[in-house]
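*Asks:* please find the sequence and the predicted model below.
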Amino acid sequence: MIYFEILLSVFLGLATFLITFLSFYLFIRKIWRRAYLKWDRMIDMLLRKAIFFHEGNNGQLTSIPITRRLKDNLNNRRFSNRLVKKIILAKRNVSGQYGDNLRQLYIQLGLDKKALRLLESRKWHLQAYAIQQIGTMGLKEHLARVYRYTNCKNNLIRMEAQIAVLNLIGFEGLRFLDIISYQITDWQQIRLLKELSTVPQTELTGIDKWLSSENASVTIFALKLARNYRRYELYENIVSCLDHNNPNVRKQAIATLTDIYVENTSEVLLARFERETYQNQIAIMNAIAVIGDVQNVSTLLSYLDTEKAQMKFAVARAIINGNKTGLECLVNDQRSKTYPLIDMIPQLKTEIR
Amino acid sequence: MSWQSFLVDIFTYGLLAYSVSLLSCYLLFAGFSIGEIRNYLRKNSFTDYGVLAGSTQAPSISILAPAYNEGANIIENVRSLLSINYTNLEVIIINDGSKDDSLAKLIEAYHLYKADFFIDGQIETKEVKGVYRSRKIVYKKLIVVDKQNGGKADALNVGINVSNNNYIVCIDVDCILEQDAILKLAKPFLENTKERVIATGGVIRIANSCIVENGRLLKVKLPRQFLPRVQTLEYIRAFLLGRMAWSRLNGLLLISGAFGAFDKDIVIKCGGYNHKTVGEDMELVVRMRRYMQENRIPHKVSFIPDPLCWTEAPSTFKILGRQRNRWTRGTIETLQMHKIMFLNPKYGILGMLSYPYWLFFEFLAPLVEFFGFIAFIIFACFGLIQWSFFFGLLLFIFSFGFLYSVFAILMEVFTYNQYKTNKNLLLLILTAFLEPLIFHPFVVWSAVKGNIDLLRKKNSWGEMTRQGFTKEKVQQ
């Protein structure tokens, strides 16, 4: 019985402690919220002033006037964090002279030095935050330090460093693909492509090298780059990826060839059809349906003998779109009078381009 | 020592050992979830979901929403789904043989026509009467399937057969989704290179008393009624603490049927939803995981703590009882179907940890509690134990339950803080105090009834009448 009483007291004591802690936290948060409102007004005013700040007569940026109150608040960690977040957000939304002004403000307030100190932190999220700041604020002088992290063991640090180098030096930053030993996740590839779409278009070199990278994710990313930037001169390199031992690379190569194709691309894909995985076979048929230019429909017709309806549907679509006489050939084929082709054809007819 | 007191001692200490094990599990959940949520929030602060929204590289997703007699709100609900910001998306509404005018309303509102549509019947289902598409380009994402009534699992299977995309998101048509819900749910599928993510789930919250307009959540409010409010607390505890902890251990066995995303390829390989159980959501996840384990494919079921989906909770004891009865039957059926996994090292953490936990602490807990309670009353009446001991034990359990709920409230305040005012938090704490006295005994009783109904071979869903969401008052 005594044990129950002890445990009961412990639990109720803990619950009371948690409720007291919660009340205290809510009280403190209320105070913070008031402070945040005041700080937000102060920061917004500063950012407005900085964005529309004019250069001095000699064309050089003079320092942006900063109030004493703001300077005093800079020693407050919460204020400083809030300020950095707002500057970063603003910097992402403006460019040109306005962006340069924000960068000037960031440096003038010594926030770059704070970021460099964070970079030395042992905590991964703080390091990643520092890298994000350096990248967004365009602190090119720290490129070498950031670049070192592009192959870091920690996922988040590595990802932020890769984005940061693109922010700092654009397409040239992709040279981390030469050395990266970790896989680039699909999510990171989407981010990198998005980031590249915002940097000035300069000469993009190295894709050929990355297409033959030992890191499969680098090859996949290179294939996406070739597709996005329509690099027709890499056609042969892309075709060689169709013989890669990783099925995901081959699948991406098929997708890339859907956009970068020549006269005989459909035949090139068809030649590899039988030795492909099921998913890649579907991808080939989908690609042929887009590319067209199939010389010999009979090869495609022979693939209709599959048991799988999904494949049959993809092949039928490829036949119809792959050749001008495709629909006629398909309709004249005896198999089209039976299920499931008889049900597929009406839908496919509505899709004819 | 008489044999009676010997038996009572065995029973008492056995029950005590069971309680201590269960409470230890809860403490471990609390610990694990803190770490998992902290990591998630830190990583999430670097995430710009807008990148995914407009990307053509984003995974293609089909939303599957079965509808049965939803005519009253179907137009708004579909509009809400169509407004989701995601590029590679199709919305499939499956009219599961509704007896009302759901289909007619959809045809009229979205300019639908019966289209020539081949359905690849990879999963066996009831007959599909027709597939409808819109004449308007603005609704090109929408596909409406009309089928014979076959239940939720069958309707979802039809949706899987009709779907053209790589991932499926299964939802209840009356759920309110956050605008970025699909983006958040899609991201885990893109993040892993070592393990294949086969399913993702997110936090479901209670929408009773919240203000909803045109299928969108305008204002979050704590439910005014006691029952939905206590379920709010229950959901916070289950999702923020329980599921996050299991996610960290990669031992999740359940993605809620109201909102979850799945890798379609694996779903089809596993044969889709099982319509022979009322717990089709849990059964599918267990079967998918079992398939992956048996084929030695490294995999993960991911869970994110963001509130992504809002649903209406039962507000009467009658409806709540039916729901909990069904949940109990679903759990038992799933555990029965996959009993091979129990303490089987071949299934890794699923067999050694997740399955035993569900068996001992999700399925057995209400039974142990119910029969233990009755036994203790009998023992006390016959003087085999002291009444003070009985009440001491009861208070011990009560105080732990209260402590755990308060901790969950604290986690909610530290993380998403949906119920911002002090009044709401006070109400939640008061609810946490009352829950073990009113709500919990009822839930235990419903679970016991679920066991009895299962023995009687009852396999119906039970009618789930909804009251509808609160709409914003029009300003005069």
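*Replies:* Everything's here; your move.
*Asks:* put the alpha carbons of the longest strand along chain B into PDB.
*Replies:* The residue-count maximum for a strand in chain B (DSSP state E) belongs to strand B:299-311. Taking C-alpha atoms only, strand B:299-311 is exported to PDB below (Å, rounded to 0.1, in the frame of the first residue of the first chain):
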ATOM      1  CA  HIS B 299      11.500  -0.200 -45.800                       C
ATOM      2  CA  LYS B 300      10.000   2.500 -43.600                       C
ATOM      3  CA  VAL B 301       6.600   3.700 -42.600                       C
ATOM      4  CA  SER B 302       6.900   7.400 -42.000                       C
ATOM      5  CA  PHE B 303       4.900   9.600 -39.800                       C
ATOM      6  CA  ILE B 304       4.900  13.400 -39.500                       C
ATOM      7  CA  PRO B 305       3.700  15.400 -36.500                       C
ATOM      8  CA  ASP B 306       2.200  18.300 -38.400                       C
ATOM      9  CA  PRO B 307      -1.600  18.600 -38.100                       C
ATOM     10  CA  LEU B 308      -2.600  17.800 -41.700                       C
ATOM     11  CA  CYS B 309      -6.200  16.600 -41.600                       C
ATOM     12  CA  TRP B 310      -9.200  17.700 -39.600                       C
ATOM     13  CA  THR B 311     -12.100  15.400 -39.000                       C
END
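*Asks:* buried ones in the very next helix or strand once past that strand, by neighbour count?
*Replies:* Downstream of strand B:299-311, the next assigned helix or strand under DSSP states H and E is helix B:317-337. Within helix B:317-337, the residues that count as buried by 16 or more other Cβ atoms under 10 Å in any protein chain shown are B:319-335, B:337. (Glycine included, C-beta is placed from N, CA and C.)
*Asks:* A helix includes residue A:193, no?
*Replies:* Yes: the assignment for residue A:193 is a helix, going by DSSP: H, G, I helix; E, B strand; the rest coil.
*Asks:* quick check, it in contact with residue A:229.
*Replies:* No: if you go by Cβ atoms under 8 Å, residue A:193 and residue A:229 don't touch, sitting 10.0 Å apart.
*Asks:* which bits of the stretch 151-300 of chain A sit near chain B?
*Replies:* With Cβ under 8 Å from any Cβ of the partner chain as the criterion, the stretch 151-300 of chain A comes near chain B at residues A:156, A:159-160, A:183, A:185-187, A:189-191, A:193-194, A:217, A:224, A:279.
*Asks:* any idea which of those has the most stuff around it?
*Replies:* In terms of neighbours by other Cβ atoms under 10 Å in any protein chain shown, those top out with residue A:160 at 28 neighbours.
*Asks:* which helices and strands does the host helix or strand of it pack with?
*Replies:* Using DSSP H and E, residue A:160 sits in helix A:155-169. Contacts defined by 3 or more Cβ pairs under 8 Å, 6 or more residues apart in numbering or on different chains; DSSP states H and E place helix A:155-169 against helix A:124-136, helix A:143-147, helix A:186-196.
*Asks:* could those be laid out in CSV, adding distance to residue B:425 and mean pLDDT?
*Replies:* Conversion of those to CSV gives the following (distance: least, Cβ to Cβ, whole Å; pLDDT from 0 to 100):
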stretch, distance to residue B:425, mean pLDDT
helix A:124-136, 28, 96
helix A:143-147, 43, 95
helix A:186-196, 36, 94
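*Asks:* now residue B:95: how far from residue A:266?
*Replies:* When distance is defined by Cβ to Cβ, to the nearest Å, residue B:95 is 40 Å away from residue A:266.
*Asks:* sorry, back to before: ok and the helix holding residue A:160 relative to helix A:124-136, angle-wise?
*Replies:* 10 degrees (axes from the mean of the first three to the mean of the last three Cα atoms, to 10 degrees).
*Asks:* pull the residues that contact helix A:155-169.
*Replies:* When contacts are defined by Cβ atoms under 8 Å, 6 or more residues apart in numbering or on different chains, helix A:155-169 is touched by residues A:124-125, A:127-128, A:131-132, A:134-136, A:138-140, A:143, A:146-152, A:173-174, A:176, A:182, A:184, A:188, A:191-192, A:195-196, A:199, B:42-43, B:46.
*Asks:* number of residues surrounding residue B:236?
*Replies:* Using other Cβ under 10 Å, residue B:236 has 24 other residues around it.
*Asks:* returning to what we had before: drop anything exposed from the contacts of helix A:155-169.
*Replies:* Among these, those classed as buried by 16+ other Cβ under 10 Å are A:124-125, A:127-128, A:131-132, A:134-136, A:138-139, A:143, A:146-147, A:149-150, A:152, A:173-174, A:176, A:182, A:184, A:188, A:191-192, A:195-196, B:42-43, B:46.
*Asks:* beta partners for residue B:113?
*Replies:* Judged by DSSP bridges, the bridge partners of residue B:113 are residue B:133.
*Asks:* OK, contacts around it?
*Replies:* The contact partners of residue B:113, taken as Cβ under 8 Å, 6+ apart, are B:132-135.
*Asks:* and those residues as CSV, adding pLDDT and neighbour count?
*Replies:* Shown next, in CSV, are these (pLDDT from 0 to 100; neighbours: other Cβ atoms under 10 Å in any protein chain shown):
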residue, pLDDT, neighbour count
B:132, 97, 21
B:133, 96, 19
B:134, 96, 21
B:135, 94, 10
